[in-house]
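Asker: Just need the structure, nothing else, for what follows:
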Amino acid sequence: MTQSAPPAGIILAAGKGTRMKSELPKVLHRICGLPLAEWVGRAMIEAGVKKPVMVIGHGGELLQEALGDKYEYVWQRDQLGTGHAALQAAELMAGCSGPVMIAPGDTPLISGEVLKALLERHHTSASGCTVATSHLAEPKGYGRIVRDGTGGIGRIVEQKDATERELQINEVNSGIYIFDGTLLFEILPTLGNENTQGEYYITDALEKVSKGGGKVEGMPFDDFSLLLGVNDRWQLAQAEKIMRQRILMRHAMNGITLQDPDTTYIEADVKIGQDSTIEANTHLRGSTAIGQGCKVGPNTLMVDCQVGNETKITMSHLFQAKIGSKVKVGPFANIRPGAVLADNCKIGNFVEIKNAQLGEAVAASHLTYIGDAEIGAGSNIGAGTITCNYDGHEKFRTKIGAKTFVGSNSTLVAPLTIGDDAFIAAGSVITEDVPDTALALGRARQEVKEGWVLRWRGRKK
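Answerer: Numbering: from 1, shown residues only. This next block holds a predicted model:
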């Protein structure tokens, strides 16, 4: 598709969204890990918009903080309608002669592919405005598309302003438009607010295009879910369900096995390598990236984690951790921020790791806490071992060398350094550094008193 100028984009994101019944601005509510407005912005960027303009109002500072610098921002201080909102971008977009996309910030299911198709129709039809529409069996609540005698769009009438005859129309407005940029910013300042809401409607701009002799093209989409807006928490849930299915299908088509899609939740930016399997009731969130040939789940939560190839993670929670290849984690492991597990590590049931780096093939198979520690390759950490990293005021580190054996039920009191090839006897409390190849014991000498039980019972009787 050839355009005289690259497309620009305006996202209408100034409204509070009272039906959401929330202090959070509506467009910051999330589906599949991203704010509603971010989905719209990504679609525009995919369709060729370099830096969409976000019109902000209620909670605008929160939007700027959440969405970052990939958008331009303009304020709509007074909520006077969609036409007034688009007009706020006029100064920033002065001289824009190419097509301008306009979309509400609460239409997260719109895709770059749909916007590209709309751009193509706009270009080939030589229209002043092109509108995405759909036919609904139950059109209540939506603006109606009123076509003229030539089949073009003469105007769009809002539900509250429609006549009984117009209410029978089942072709509805999505709120997603492409305007000729020069024409748009000539028309916006001329809009009136003679309607039941007393607002300046962007839909009135279409009527002005038509009355001025320009062409207004309507492009119907059979799948209305692509254009679905979110106005309340139930619609938010429905949009989440649709988007989740899209994401799951994309991963499945890329060679990922999903054991139970109905209980699998994968957010937008998660990456998974080919031939990996995601088992039931698994949640993958944030920037999590999983390598090839992995098996994750069931009942696993991962947030912002990086995982190598051929790793198995079972019934565990992992947050902001880096996991190597051919690692085994779980069941019931808690891998917390700052944990780094090198290749071939084995982390078993009821093991917690926080801000600790484990070298290759380190094993901690059960009932262990490792915090603020460094452990060399090939070391074994016995069941019930604890690194005592906090004295009530400060955190301290434990350093353990390579190929060291730490016996079960050991307490390692930091700051502490244990060398290579050392041996910590089971049940020890270690408070002093241990050199290479040394044996360290920190327990009382065992005493055996024969016949003691019989004497004790006699005294009790």
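Asker: neighbouring contacts of whichever strand or helix holds residue 67?
Answerer: Assigned by DSSP states H and E, residue 67 belongs to helix 60-67. In this structure, residues lying in contact with helix 60-67 by Cβ atoms under 8 Å, 6 or more residues apart in numbering are 13-14, 24-25, 27-28, 35, 37-38, 41, 54, 56, 73, 75. (Each C-beta comes from the backbone N, C-alpha and C, glycine too.)
Asker: try 6 Å this time
Answerer: 28, 35, 56, 73 (Cβ atoms under 6 Å, 6 or more residues apart in numbering).
Asker: Confirm for me that residue 36 is in contact with residue 108.
Answerer: Yes - with contacts defined as Cβ atoms under 6 Å, residue 36 counts as touching residue 108 at a distance of 4.6 Å.
Asker: Those two: which has the busier surroundings?
Answerer: residue 108 (29 against 26; other Cβ atoms under 10 Å).
Asker: coming back round to it: let me know the next secondary structure element after the helix holding residue 67.
Answerer: Downstream of helix 60-67, the first helix or strand assigned by DSSP H and E is strand 72-75.
Asker: which residues are contacting the very next helix or strand once past that next one?
Answerer: Next along the chain after strand 72-75, taking DSSP H and E as the criterion, comes helix 82-87. With contact meaning Cβ under 6 Å, 6+ apart, helix 82-87 is reached by 10, 12, 14, 55, 76, 102, 188, 191, 200-202.
Asker: Put the alpha carbons of helix 82-87 into PDB.
Answerer: Only the C-alpha atoms of helix 82-87 are listed here, as PDB (Å, rounded to 0.1, in the frame of the first residue of the first chain):
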ATOM      1  CA  THR A  82     -14.900  12.700  21.300                       C
ATOM      2  CA  GLY A  83     -14.700  15.500  18.800                       C
ATOM      3  CA  HIS A  84     -13.400  17.900  21.400                       C
ATOM      4  CA  ALA A  85     -10.900  15.200  22.500                       C
ATOM      5  CA  ALA A  86      -9.500  14.700  19.000                       C
ATOM      6  CA  LEU A  87      -9.200  18.500  18.600                       C
END
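Asker: State the next helix or strand along the chain beyond that helix.
Answerer: strand 99-104.
Asker: give me every residue that touches the closest residue to residue 279 other than its chain neighbours.
Answerer: Computed as Cβ to Cβ, 6 or more residues apart in numbering, the closest residue to residue 279 that is not its neighbour in sequence is residue 297, at 3.1 Å. Listed by Cβ under 6 Å, 6+ apart, the contact set of residue 297 reads 278-279, 282.
Asker: separation between residue 297 and residue 264?
Answerer: 8 Å (Cβ to Cβ, to the nearest Å).
Asker: before we move on, what about residue 143?
Answerer: Applying Cβ to Cβ to residue 143 and residue 264 gives a distance of 37 Å.
Asker: Of those two, which one has the most company?
Answerer: residue 143 (25 against 22).
Asker: That one against residue 156, yeah?
Answerer: Yes - taking Cβ under 6 Å as the definition, residue 143 is a contact partner of residue 156 at 4.9 Å.
Asker: Just give me the neighbour total for the residue nearest to residue 438 when sequence neighbours are not counted.
Answerer: Excluding the flanking residues, the one nearest residue 438 by Cβ to Cβ, 6+ apart is residue 422, at 5.4 Å. Residues near residue 422, counting by other Cβ under 10 Å, number 24.
Asker: what residues are up against residue 422?
Answerer: So residue 422 contacts 404, 434, 438 (Cβ under 6 Å, 6+ apart).
Asker: For residue 120, state which of those residues is nearest.
Answerer: Set against residue 120, the nearest of the contacts of residue 422 by Cβ to Cβ is residue 404 (65.1 Å).
Asker: Can you give me the distance of the closest one to residue 423?
Answerer: Distance, residue 404 to residue 423, by Cβ to Cβ: 7 Å.
Asker: what does the domain assignment say about the chain?
Answerer: 8-227, 256-440 (automatic domain parsing).
Asker: start to end distance for stretch 163-177?
Answerer: For stretch 163-177, the first-to-last residue distance is 24 Å (Cα to Cα, to the nearest Å).
Asker: quick one: average pLDDT of that stretch?
Answerer: Averaged across stretch 163-177, pLDDT comes to 92.
Asker: cool, and stretch 7-26?
Answerer: 94.
Asker: Low-confidence stretches in the stretch 151-300 of the chain?
Answerer: The stretch 151-300 of the chain contains no residues with pLDDT under 70.
Asker: which residues of it fall in helices?
Answerer: According to DSSP state H, counting those that start in this stretch, the stretch 151-300 of the chain carries its helices in the segments 181-187, 203-211, 233-253.
Asker: I'd like those helices laid out as a markdown table, including mean neighbour count and distance to residue 327.
Answerer: Listed next are the helices of the stretch 151-300 of the chain as a markdown table, based on neighbours: other Cβ atoms under 10 Å; distance: least, Cβ to Cβ, whole Å:
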| stretch | mean neighbour count | distance to residue 327 |
| --- | --- | --- |
| helix 181-187 | 20 | 53 |
| helix 203-211 | 21 | 56 |
| helix 233-253 | 15 | 21 |
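Asker: Please identify which of those is closest to residue 169.
Answerer: helix 203-211 (13.8 Å).
Asker: packing partners for the closest one?
Answerer: Secondary-structure packing of helix 203-211 (3 or more Cβ pairs under 6 Å, 6 or more residues apart in numbering; DSSP states H and E): strand 153-157, strand 216-220.
Asker: If we use 10 Å, what do you get?
Answerer: On a contact count with 3 or more Cβ pairs under 10 Å, 6 or more residues apart in numbering; DSSP states H and E, helix 203-211 meets helix 82-87, strand 129-135, strand 144-147, strand 153-157, strand 171-180, helix 181-187, strand 216-220.
Asker: Sounds good, over and out.
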